[in-house]
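Q: output the structure for:
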Amino acid sequence: MEQNKFEIEAKRMRPALLRLAMRYMENADDAEDVIQDVLLKLWFLRERLDEYRSLDALAVVITRHQCLNQMRGRKMETVALEEGLTIGVEDSPELKLVGEEKMQELMKLIHTLPDLQQAVLRMKHIEGFEVEEIARLTGSTPIAVRTNLSRARKRVREQFLLQNQEKKWN
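A: Next up, the predicted model:
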């Protein structure tokens, strides 16, 4: 997409995207920041925007995800003083050991998955790739990636719960 056409589309979409961001964010400045980030992402995608059926739908999805990401980030930053005091208490050596054991169990379960599901799960949750990037890297479609992710998560969750149920009975 050429710069002139992109500018026209951005000006047209901006008010609707700003209204959407305002519904998620608590103030206008945060919503404005989100829209700036969204437009920047769309600018970097401008060469491939013609591949999408609806530019508006893509912009709405990116806006929603950007809002949720900012809200998660803000939520993690603000911790009440009382909560902060209990955080240190929970970091006992025993709890750390239990957490490490659970992580090792999960990694063993991931190793039992089929190769594609293993790869997709690692790319998404360990390496932090987005679904579209994983699809491009694996040569499949985003739908296939989401399906494989769902199946992999379900299988790991079922096996993990099953193993922990057996431990409780023993």
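
Q: would you list the phi and psi of the residue nearest the centre of the chain?
A: When Cα atoms, centre = their mean is applied to the chain, the residue found nearest the centroid is residue 130 (7.1 Å). Per-residue torsions, residue 130: phi -80, psi 160 (degrees, to the nearest 10).

Q: repeat for residue 45
A: Torsion angles, degrees, to the nearest 10, at residue 45: phi -90, psi 0.

Q: what are the ranges of the helices in this protein?
A: Under the criterion DSSP state H, helices of the chain are mapped to 3-24, 28-44, 55-77, 81-90, 93-111, 115-125, 131-138, 142-169.

Q: need those helices in JSON lines (columns: mean pLDDT and mean neighbour count).
A: Yep, even glycine has a C-beta here, placed from its N, CA and C like the rest. Output for the helices of the chain, formatted as JSON lines (pLDDT from 0 to 100; neighbours: other Cβ atoms under 10 Å):
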{"stretch": "helix 3-24", "mean pLDDT": "89", "mean neighbour count": "14"}
{"stretch": "helix 28-44", "mean pLDDT": "88", "mean neighbour count": "17"}
{"stretch": "helix 55-77", "mean pLDDT": "81", "mean neighbour count": "15"}
{"stretch": "helix 81-90", "mean pLDDT": "48", "mean neighbour count": "8"}
{"stretch": "helix 93-111", "mean pLDDT": "80", "mean neighbour count": "11"}
{"stretch": "helix 115-125", "mean pLDDT": "86", "mean neighbour count": "17"}
{"stretch": "helix 131-138", "mean pLDDT": "88", "mean neighbour count": "16"}
{"stretch": "helix 142-169", "mean pLDDT": "85", "mean neighbour count": "14"}
